[in-house]
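Chemist: Kindly return the folded structure for what I paste below:
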Amino acid sequence: MTTVSVPPKTGATGAARRSTISSDEIVAYCPKCKTLETLEFTQDGLTRTQKFTQENGGVYHDCGSSEPCRLYRAF
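Modeler: Residues are numbered from 1 along each chain as shown. A predicted model of the protein is given here:
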């Protein structure tokens, strides 16, 4: 598999704009707890989720890992 880069997270978007943005699905793998999860990204970055955050160019799982998740394009 090929690792993919994540688009930078920018400012908030309006509801009307959100509906017209195309999205990509990315599989995140946490190196600490081995969680696999499919995440959705728009051109603004990671969509809102309870268990994952996007910071400093990486996606992090809430298990306490200091290492960013490995990201793979979903098929």
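Chemist: Excluding chain neighbours, what is closest to the most centrally placed residue in the chain?
Modeler: The structure's the chain has its C-alpha centroid closest to residue 46; by C-alpha atoms, centre = their mean the separation is 4.2 Å. Residue nearest to residue 46 in three dimensions, not counting chain neighbours: residue 54, with 4.1 Å by C-beta to C-beta, 6 or more residues apart in numbering. For every residue, glycine as well, the C-beta is placed using N, CA and C.
Chemist: can you check residue 37 too?
Modeler: Residue 37 sits nearest to residue 28 (C-beta to C-beta, 6+ apart), 5.2 Å away.
Chemist: Give me the pLDDT value at the one you found.
Modeler: pLDDT, residue 28: 95.
Chemist: before we move on, what about residue 2?
Modeler: On the pLDDT scale, residue 2 gets 44.
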